[in-house]
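Novice: Build me a model:
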Amino acid sequence: MQRISVTARLNRSTLQFEEAAYARLESYLAEAARTLDGNPDQQEILGDLEQAVADQCARRARTDQAAVTLAELEPALEEIGSVQVSGASTASDQTVRVAARPLQQVSEGAVVSGVCQGLARYFGLNVTALRIFAVLLLFLSGGGMILVYLALMLLMPYAPLVSGGRPLRWLPAKCRALMEFLRAKFSLATS
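Specialist: Residues are numbered from 1 along each chain as shown. Below is the predicted model of the structure:
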């Protein structure tokens, strides 16, 4: 008998991983724990990393797939980046940073164009809370938020689509096609 997949609990999410993907995830988290050794916020940072991995894997997962593969995990870990400690020699003076995520619209799981999804990923926020905040700002600004959203749609580049990922909904797909057309027409280079 051979074990095909492993169930892992990452912060608040539970996912199935293929053996190779689970081994890679284990080594990534062990390396992060070694890097953060002696940091007073180690557990909180590791919890945030686990949640980021779970979010990235869920975003890349196909609906017909039972377990996260190594091919899906590697780009997720690459996008998250490794934990690096810089600064002074004492643990209390060290600052921890995770490699910067690019500010991009994320079409997968988007409602309109992916602006809120991209902002939430960039700032590490809950996308639902950000969407609620955006709707509140829409009403409080008397509709002026629509112009801000349209400007962000036009100026924020799109994250590359995940190959073999979930198909885009109708509206995000149309918005993406329209924005790419407008960028090409007006020679707006965003990358």
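
Novice: what's the spacing between the residue nearest to residue 106 when sequence neighbours are not counted and residue 52?
Specialist: Once flanking residues are discounted, residue 106 sits nearest to residue 117: 4.0 Å by C-beta to C-beta, 6 or more residues apart in numbering. Where you see a C-beta, it was placed from the backbone N, CA and C, and this is true even at glycine. Counting by C-beta to C-beta, to the nearest Å, the gap from residue 117 to residue 52 is 14 Å.

Novice: coming back round to it: looking at it, the residue nearest to residue 106 is touching residue 126, isn't it?
Specialist: No - counting by C-beta atoms under 8 Å, residue 126 is not a contact partner of residue 117; they are 11.2 Å apart.

Novice: one step back: looking at residue 117 and residue 52, which is more packed in?
Specialist: Remark: of residue 117 and residue 52, residue 117 carries more neighbours, 24 against 21, as counted by other C-beta atoms under 10 Å.

Novice: Distance-wise, check the more buried one relative to residue 17.
Specialist: On the measure of C-beta to C-beta, residue 117 and residue 17 end up 24 Å apart.

Novice: just residue 132 next, same as before
Specialist: Counting by C-beta to C-beta - residue 132 and residue 17 are separated by 32 Å.

Novice: Domain ranges for this protein, per the record?
Specialist: Using automatic domain parsing, the domain parsing of the chain gives 1-100, 102-191.
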